[in-house]
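Engineer: Here's a sequence, model it:
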Amino acid sequence: MTSISKKSSDTALKIFNAKIDPYTRAYIGMIFGFAWALSLNIAIRYFSIGIMIVSILQLNDIRKGGRLIKNLSAIPVYILDAKNGITKLEPGEIPSSTIDGFTLKGLNGVFKVSDGVYVKINPKGSISYTPGLGKIINQSIRSGGLKSKNWVANQQDKRWQELFNNSI
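Structural biologist: Just a heads-up that it's a prediction; the model follows:
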């Protein structure tokens with residue numbers, strides 16, 4: 001019964017995979033799982049165990065890194081990929097791997113994306129987060145978000161400087 005519950009919970013969460021960041025998926029799943037675990041109905045209890053297992057598995061998505069999930073920019077976007085370094089994306093192209101940060105011409109800065117955070121580039125080049133906890137995690141806890149030239153100059157990883165140079 002628990003394996004059926006886990007599979008159905010996993011399927012439900014995968015529907016929202018790119019729409020909601022893994023922090024939010026894990027948090028919501030844990031809340032519902034714990035709440036439903038208090039039910040007197042044994043089937044709901046088994047279902048809640050499956051939800052909690054899937055919620056814990058969201059930690060794998062967090063560990064993988066940040067993602068650019070939508071690129072509606074009309075100009076090229078430059079990403080900093082942990083494995084491949086700086087890569088140029090054509091308008092509308094989305095990276096297949098996770099990223100550490102990105103920039104685009106005219107931004108005059110770099111946008112640092114923390115692990116487990118999903119961002120989008122809108123048509124006018126503005127940056128937004130997927131709904132959920134990602135923005136709070138990225139900006140308040142992990143010190144991500146838009147970074148200036150001064151921040152870039154203080155980084156030991158010189159790839160950030162190379163990425164910044166593409167933003168001017």
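Engineer: Send me the helix ranked longest in the chain as CSV with only the CA atoms.
Structural biologist: The single longest helix within the chain, with elements called by DSSP state H, is helix 42-64. Below are the C-alpha coordinates for helix 42-64, written out as CSV (Å, rounded to 0.1, in the frame of the first residue of the first chain):
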residue,chain,number,x,y,z
ILE,A,42,-5.6,3.7,7.5
ALA,A,43,-5.6,4.3,3.8
ILE,A,44,-5.1,8.0,4.3
ARG,A,45,-2.2,7.2,6.7
TYR,A,46,-0.5,5.0,4.1
PHE,A,47,-1.0,7.8,1.5
SER,A,48,0.6,10.3,3.9
ILE,A,49,3.6,8.1,4.3
GLY,A,50,4.0,8.1,0.5
ILE,A,51,3.7,11.9,0.4
MET,A,52,6.4,12.3,3.1
ILE,A,53,8.7,9.9,1.3
VAL,A,54,8.3,11.9,-2.0
SER,A,55,8.8,15.1,-0.1
ILE,A,56,12.1,13.9,1.3
LEU,A,57,13.2,12.9,-2.2
GLN,A,58,12.8,16.5,-3.3
LEU,A,59,16.1,17.1,-1.5
ASN,A,60,17.7,15.4,-4.6
ASP,A,61,16.4,18.2,-6.8
ILE,A,62,17.7,20.8,-4.3
ARG,A,63,21.1,19.2,-4.3
LYS,A,64,21.3,19.2,-8.2
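Engineer: buried set for it?
Structural biologist: 45-55, 57-58, 61-62 (16 or more other Cβ atoms under 10 Å). Where you see a C-beta, it was placed from the backbone N, CA and C, and this is true even at glycine.
Engineer: Among those residues, which one sits closest to G116?
Structural biologist: I62 (3.3 Å; Cβ to Cβ).
Engineer: if I look at the nearest residue to that closest one once chain neighbours are set aside, how far off is L107?
Structural biologist: With sequence-adjacent residues excluded and distances taken as Cβ to Cβ, 6 or more residues apart in numbering, I62 is closest to G116, at 3.3 Å. In this view, G116 and L107 are 23 Å apart by Cβ to Cβ, to the nearest Å.
Engineer: For the residue nearest to I62, what are phi and psi?
Structural biologist: phi 80, psi 10 (degrees, to the nearest 10).
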